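Novice: model this:
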Amino acid sequence: MKYPAPRFLFRRHELLRRLHNGRTFMEIGAADLTLTRELLGRFERGLALDFTDDLPQSYEKLPAGERARLDISNVNVMTDEVPGDFDCVVACEVIEHIENDAEFMRRIFASLVPGGQAVLSMPAKAKYWTVHDELVGHLRRYEKADLTRMLEDAGFVDVEVTAYGYPFINWLSRLRVWLARRSMTDRAGWDQEKQTSMSNHRQIPAWLSGSLAPLLVNRVTVWPFAMFSRLFNRLDLSDGYVVTMRRPA
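Specialist: Next comes the predicted model:
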């Protein structure tokens, strides 16, 4: 049983309840396809992008019916040609790794059909910067006003920034910092690309999936905490954002 990081579960809760169903989606930074499988439940077909070399292995583990409706590709959205005309583009914990984030958003805009939706997540607030951000290849954290302005400059409308998961993911960040400090020696000398490729699901120790942890931390057990955290969504207190926006029809 795969262990899902608590931060992922809080983010998933907010993302899925804001997602508009449609015909096609593209997920940038699909990692081990955990979220991708849930997106396939909301769309007819999808394209999963990631430059990590274990993407094909994750794809082969999917049921045949899901593989038939999903394409995968090891492309870099900033340098390679990316197809367009998607009803939705999802990119979780990606934009903070990209040097030219404004151009990244313009590329997402161009990949959407008129009226299409984009859903992103990213780390929030420079004051929450820690050694963990450095070790996983983050280039920045985002402030709500600056983020909104950049997305609107890219052409998006109906931009909604949600500070999700408070206070729980803020508390959990202390654990991430502790783990980051323990791995500083092993990761010394890594360049930003390798830091990025080893972030996300690759940060989770493999032994957790073989322990009792997945029975204690999963979408069911986290649900009441995610519901409680929604009371704080508009207060801009969290160290993470989920953002929804739309290309004008």
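
Novice: counting by contacts, list what the longest helix seen in the chain packs against.
Specialist: Secondary structure assigned by DSSP state H gives helix 168-182 as the longest helix of the chain. Helices and strands touching helix 168-182, by 3 or more Cβ pairs under 8 Å, 6 or more residues apart in numbering; DSSP states H and E, are helix 6-18, helix 131-135. Backbone N, C-alpha and C define where each C-beta goes, glycine included.

Novice: just the buried residues of the longest one, please?
Specialist: Counting neighbours by 16 or more other Cβ atoms under 10 Å, one finds that the buried residues in helix 6-18 are 6-15.

Novice: R219: which of these is nearest?
Specialist: Taking Cβ to Cβ as the measure, R219 sits nearest to L9 out of the buried residues of helix 6-18, at 5.8 Å.

Novice: leaving out the residues flanking it, which one is nearest to that closest one?
Specialist: Of all residues not flanking L9 in the chain, V222 sits nearest, at 4.3 Å (Cβ to Cβ, 6 or more residues apart in numbering).

Novice: what distance separates the helix or strand hosting that neighbour from the middle of the whole chain?
Specialist: In the assignment (DSSP states H and E), V222 maps to helix 219-229. Remark: helix 219-229 is offset 18 Å from the chain centroid, using Cα atoms, centre = their mean, to the nearest Å.

Novice: for L16, which residues are in contact?
Specialist: Counting by Cβ atoms under 8 Å, 6 or more residues apart in numbering, L16 touches 38, 42.

Novice: can you do 10 Å?
Specialist: If you count contacts by Cβ atoms under 10 Å, 6 or more residues apart in numbering, L16 has them with 35, 38-39, 41-42, 119, 219.

Novice: over to C92?
Specialist: Here C92 is in contact with 8, 11-12, 15, 27-31, 35, 119-122, 200, 242 (Cβ under 10 Å, 6+ apart).

Novice: picking up where we left off before, dump the helices and strands packed on helix 168-182 to JSON lines, plus distance to V161 and mean pLDDT.
Specialist: Formatted as JSON lines, the helices and strands packed on helix 168-182 follow (distance: least, Cβ to Cβ, whole Å; pLDDT from 0 to 100):
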{"stretch": "helix 6-18", "distance to V161": "11", "mean pLDDT": "95"}
{"stretch": "helix 131-135", "distance to V161": "19", "mean pLDDT": "86"}
